[in-house]
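Colleague: please find the sequence and the predicted model below.
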Amino acid sequence: MRALVALAVLLLAPVASAEFGRYDATGYPVAVDGTPTYPGGILPTGQLPEGPLNRVGPFTVYPYYPILTAEVQRLAAEHPDLVKLHSAGKSTLGLDLWMLEIADFANPDMLPLEKREVVWVDGGTHSNEYSGVWFAAHLASFLAGGYGANETATWIVENRHTWIMPLVNPDGSHAFGRLNAHGVNVNRNYPVDWGALAEDALFNNPGPHPASEVETQHNIAWFNKTRPDLYVSIHCCGNLWLYPYGVEGLDPLDQQMLSRVCDEAFPSVRDDCGPIWSTIYPASGSSVDTVYEYTGAAAFGYEMSGRGAVALWGQPFTANAIEAEEVESWTGILHGFLNVHRYGAYPELVGARVEGDEVVLRVRNEGYGNLTNTTVSTAFQPAGPAGMLVDPAILTVPLPALLPGEETEVRARIDGAGMLTLRVDYVKRHMASPTGERTFELEVREEAGGLAVFFGGEALAATSAGGAAVPFVAPAAVAVVLAALALRRPRRA
């Protein structure tokens, strides 16, 4: 019975909710007799059964606002050490824009949030595109529920700072609508290139002025607060992956990097990944363009496939797992989580050799974008009496520009045993110039026959008894073991 009621509510939504009505305090529609309606047997806050609330028998019901509200509250209640539930603000009609913040907050060895890459995922900007809401909500459940059991989920929770807003436009959800309660398309209301195109007034009304809608305003405030490195906005349908810009003829400053993401994250559907205007259609005032220009994030819009749809813009329920139904987007989002540090420039220490009183360090750009505006600082602290370190001598020099895959050498003078620090300050991406910093700590030891350099507990280079340099290329495993690095190796469940 619960399944039939839930499915019937969603199938009849276009008819039953042709106009916006009143909502109770938890966001459920209020019937004409003043009683709140809890679809499909979903219970009010504080009376939630166990398990995903949008799972009904063999079906997953796409979560419109009441179901979504119960589901995000369940995730926060069941995983208090991993999930923080925020309201990013109120919609036009007073509903919460739910935001899930995910990390291993209670881990005593927690990697500091400021050293992590930030990933933002949202869905339901066009809230009748239910599969986007489903994708975002399932992603949150995958991370929280998979922590400690799934290697990928565990690694993401421990190494990324994740923000998920499953439903940007809750008011439209009740009316099975593309627009918000003012009849505005929120994804044409963002400031960047607002009004640059003559949009269809019925489906793509951009609003009276840029950021006129509270949903847009709240999101912009949180974009600036969270400063994402990767932004993904989920829509439906077409099985497309879109980056800036929506206006024809505009090329993003990070075009090369964004195109490389298409190559690596969506290889089987590469021709369906590209700029908004040429891959789907021209569109002005989108969240993707605005996040990109405001924060410098690698910004993408995902258009779900809508496979198996029984209703326009995606079916309201499915018997399939999202990993199978939206396999390309699921693979792509996981690629983003695992590789966002490379979505731009990314300097890596890949080798070293000792030459007399110098250590020659090899630095390579392992990112998808060009490495420019970079400085390198080296500091050597010689060991004094009884092994005590003395004040270091610091040398800061600019690093030459490096294309992806290119490398250069940095020379650091040493004076016997001590600690050698290499710090690289760089610009991750060209738009908005978000910055990064990487620090590599190396130990120089007196060994039989000469000096040896150790990094991550492994020897990188040594001088032979005759004084000749013995070069060493750091293995990949060593290159990621850094005390100050914002990545750690996945823990196996």
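Modeller: Done, it's in. None of the values given here were measured: they were computed from a predicted structure.

Colleague: how about Pro252, what does it touch?
Modeller: Pro252 makes contact with Tyr243, Pro244, Tyr245, Leu258, Pro275, Tyr292, Met431, according to C-beta atoms under 8 Å, 6 or more residues apart in numbering. Backbone N, C-alpha and C define where each C-beta goes, glycine included.

Colleague: in three-state terms, label Val444 for me.
Modeller: Following DSSP: H, G, I helix; E, B strand; the rest coil, the label given to Val444 is strand.

Colleague: residue ranges for the strands of the stretch 101-250 of the chain, please.
Modeller: 117-123, 160-165, 230-236, 240-243 (DSSP state E, counting those that start in this stretch).

Colleague: what would these look like in CSV with distance to Pro252, mean neighbour count and mean pLDDT?
Modeller: What follows is these, written out as CSV (distance: least, C-beta to C-beta, whole Å; neighbours: other C-beta atoms under 10 Å; pLDDT from 0 to 100):
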stretch, distance to Pro252, mean neighbour count, mean pLDDT
strand 117-123, 18, 25, 98
strand 160-165, 22, 24, 98
strand 230-236, 13, 26, 95
strand 240-243, 7, 24, 97
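
Colleague: looking at these, which is nearest to His86?
Modeller: strand 160-165 (8.8 Å; C-beta to C-beta).

Colleague: what pairs with that closest one, parallel or antiparallel?
Modeller: Neighbouring strands of strand 160-165 in its sheet, by DSSP bridges, are strand 96-102 (antiparallel), strand 117-123 (parallel).

Colleague: and the angle from it to strand 230-236?
Modeller: Relative orientation of strand 160-165 versus strand 230-236 (axes from the mean of the first three to the mean of the last three C-alpha atoms, to 10 degrees): 30 degrees.

Colleague: could you number the chain from 893 rather than 1 from now on?
Modeller: Shifting the count to begin at 893 puts that one at strand 1052-1057.

Colleague: what does strand 1052-1057 contact?
Modeller: 980, 989-995, 1005, 1008-1015, 1028-1029, 1031-1032, 1035, 1048, 1111, 1114, 1118, 1120, 1229, 1232.

Colleague: hmm, which of these are the buried ones?
Modeller: 980, 989-995, 1008-1015, 1028-1029, 1031-1032, 1035, 1048, 1111, 1114, 1118, 1120, 1229, 1232 (16 or more other C-beta atoms under 10 Å).

Colleague: beta partners of Arg1052?
Modeller: Under the criterion used (DSSP bridges), Arg1052 bridges to Glu1009.

Colleague: if I look at it, how far off is Gly1228?
Modeller: Distance of Arg1052 to Gly1228, computed by C-beta to C-beta, to the nearest Å: 10 Å.

Colleague: joint contacts of those two?
Modeller: Counting by C-beta under 8 Å, 6+ apart, the residues touching both Arg1052 and Gly1228 are Val1011.

Colleague: hang on, isn't Asp1164 packed against Trp1133?
Modeller: Yes. Between Asp1164 and Trp1133 there is a contact at 6.6 Å, judged by C-beta atoms under 8 Å.

Colleague: what is in contact with those two at once?
Modeller: By C-beta under 8 Å, 6+ apart, the residues touching both Asp1164 and Trp1133 are Phe1158, Thr1171.

Colleague: and Phe1115, what is it in contact with?
Modeller: Neighbouring residues of Phe1115 by C-beta under 8 Å, 6+ apart: Trp1012, Tyr1123, Thr1182, Val1183, Tyr1186, Thr1187.

Colleague: what does Met1149 give?
Modeller: With C-beta under 8 Å, 6+ apart, Met1149 has these contacts: Ala1190, Tyr1235, Gly1236, Gly1259, Tyr1260, Gly1261, Arg1321.

Colleague: no further queries at this time; thank you.
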